[in-house]
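Colleague: quick one: sequence plus predicted model below, questions after.
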Amino acid sequence: MPTPKNRAVRGATLNAESRRLNLPQAVADGDWLDAREAVDGAAPALRTTVTVEHARTIITRNRSPDVPFDRSINPYRGCEHGCIYCFARPSHAYHDLSPGLDFETRLFAKPDAAALLRAELARPGYACQPIAMGTNTDPYQPIEREWQVTRRVVEVLAACDHPLVITTKSDRVVRDLDLLAPMAAKGLVAVAISVTSLDPRIAMTVEPRAPTPERRLAAVARLASAGVPTYVNMAPVIPAITDGEVEAIVARAAAAGARGVSFIPVRLPWEVAPLFRAWLDEHFPDRAGKVMAIVQSLRGGRDNDPRFGSRMKGEGPWADLLRTRFRIARTRAGFSDERRKLDLRCDLFRPPAGAQGELF
C-alpha cells in the first residue's frame, strides 16, 4: 500500500500485481498464452481441445536398440508444450491431423488408461520390466492438471510395486511425490527432467508451454531431496542456439542434486524438419543457415539420420566436440562420466487383484 506521501505524487492508490497476463503463474507452464486476445492488438489465441480416446491397450512395446526400455505408456496423444523439435509430432498423422499446430492444440486423453493397465498387468504370464512414461508426449503437460490420467496410472504402478521411469519437462511431477517418494524408497522409480536452456526467452521460444528452466531445476531439487533418483537431460542440444549453455546446465544440475546429466543432439525426423526450418526463419533468421549446416554435419549431410546407433548421438567433428565438452563439464561438476544403468527392482511386483481386490 503506498504511503500518504507517495499517494500525493502518484495517481494509483494500490500496487497489486497485474492480472492481465497473470504474471505470477505465467512462469508455470505457459497457460497465460490463452489470454492473448485480451491484450490490445494481439491475435486470437488457438484454444486447446481435448478428445477422449478409448484405447484397447495402454502398454506400447518396442525393440529399439537405442532406448533402455522395451515398454512405455502414453496417457496422451499430442503435447501442449509445443516443443518445435519434438520427434513425436508426425504421430498425429494417425488421426489425419497436422504435426504442426494440430499436434499442440488438438490433444487426445486416455481416461481408461489406469483400468487398461490393471488388466494388462493382471494377465497370466506378464513379465515385469520397467515401464517408461514421457517417451512420446509429456505425461505432465498442462492438461494433466485437470485430467490426471498420469496420476492414476502411477497409482496403479505404485500399488503393484511395478518399476517406472518418468521423463518430463514439467515441474508438475512433484505433485505426485506422495506416490513417487515411497516408490523410490523401494528402488522402483527414477525421473529425468529435460532442461534445454537456462535462458527464459530461448526456452519460451523453443518450448513455449513448458515450465521455465528455473521451475524445472527446482523440481529436480525437490525430487532429489525426497530421495527420488533424478537426472537432467539436455535433450536436445540445438547448435548455435543452446549449445553454448552446456557447461552452465551441467553445473546447475549438479547443484540441484541430480545424479547424472545426459544429452541428445537435435533430431529432425520426417515432417519435423520443415517445421523446424520454418521456425528458424521466424525466430532466428540471423543464424538459420548456420544452425542447419551444423545439423546436417551431425547427420551425414542430411536433415536427419534415422540409423540405430547414430541417431541419438550424431557423428562428425561437431558431435565429437559436444561429447568432449559434456565429459569435461561432468567431471568438473563431480559427475561420473559413465552412464549409470537404472537398476530398478522388478522382483517386488505383485499383479493387481481382481475387481474387488486390494487396489480398489
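Modeller: Now that the structure is in, tell me what you want to look at.
Colleague: all strands of the stretch 201-350 of the chain, in order?
Modeller: For the stretch 201-350 of the chain, strands defined by DSSP state E, counting those that start in this stretch occupy the ranges 230-237, 260-265.
Colleague: winner for burial among the ones you listed?
Modeller: Counting by mean count of other CB atoms under 10 Å, strand 230-237 has the highest mean neighbour count of the strands of the stretch 201-350 of the chain, with a mean of 23. Just so you know, the C-beta spots here come from the backbone N, C-alpha and C atoms, and that holds for glycine as well.
Colleague: what's the angle between it and strand 260-265?
Modeller: 20 degrees (axes from the mean of the first three to the mean of the last three CA atoms, to 10 degrees).
Colleague: related to what we said a few turns ago, looking at the strands of the stretch 201-350 of the chain, which is closest to residue 352?
Modeller: strand 230-237 (27.5 Å; CB to CB).
Colleague: that closest one: partners in the sheet, and parallel or antiparallel?
Modeller: strand 189-194 (parallel), strand 260-265 (parallel) (DSSP bridges).
Colleague: any idea which of those strands scores lowest on pLDDT?
Modeller: Note on the strands paired with strand 230-237: strand 260-265 shows the lowest mean pLDDT, a mean of 93.
Colleague: any chance of the strands paired with strand 230-237 in CSV, plus distance to residue 67?
Modeller: Below are those laid out as CSV (distance: least, CB to CB, whole Å):
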stretch, distance to residue 67
strand 189-194, 12
strand 260-265, 11
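Colleague: just to revisit the earlier point, redo the strands of the stretch 201-350 of the chain as TSV? Include distance to residue 102.
Modeller: Below are the strands of the stretch 201-350 of the chain laid out as TSV (distance: least, CB to CB, whole Å):
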stretch	distance to residue 102
strand 230-237	22
strand 260-265	25
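Colleague: any idea how far the one helix or strand residue 167 maps to is from the middle of the chain?
Modeller: Assigned by DSSP states H and E, residue 167 belongs to strand 164-168. Here strand 164-168 shows a centroid-to-chain-centroid distance of 9 Å under the convention CA atoms, centre = their mean, to the nearest Å.
Colleague: to residue 220, which of the strands of the stretch 201-350 of the chain lies closest?
Modeller: Of the strands of the stretch 201-350 of the chain, nearest to residue 220 by CB to CB is strand 230-237, at 5.2 Å.
Colleague: rewinding a little: show me what the strand holding residue 167 is packed against.
Modeller: Secondary-structure packing of strand 164-168 (3 or more CB pairs under 8 Å, 6 or more residues apart in numbering; DSSP states H and E): strand 131-133, strand 189-194.
Colleague: got the angle for the following helix or strand past that strand vs strand 230-237?
Modeller: Next in sequence after strand 164-168, counting helices and strands by DSSP H and E, comes helix 177-185. Interaxial angle of helix 177-185 relative to strand 230-237 (the same axes, to 10 degrees): 100 degrees.
Colleague: next, the buried residues of helix 177-185.
Modeller: 177, 179-180, 183-184 (16 or more other CB atoms under 10 Å).
Colleague: columns pLDDT and distance to residue 237 on top of these, output as TSV?
Modeller: Listed next are the buried residues of helix 177-185 as TSV, based on pLDDT from 0 to 100; distance: CB to CB, whole Å:
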residue	pLDDT	distance to residue 237
177	98	29
179	98	32
180	98	28
183	98	30
184	98	28
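Colleague: surely residue 330 and residue 336 touch.
Modeller: Yes - judged on CB atoms under 8 Å, residue 330 makes contact with residue 336 at a distance of 7.3 Å.
Colleague: which of the two has more neighbours?
Modeller: residue 330 (20 against 10; other CB atoms under 10 Å).
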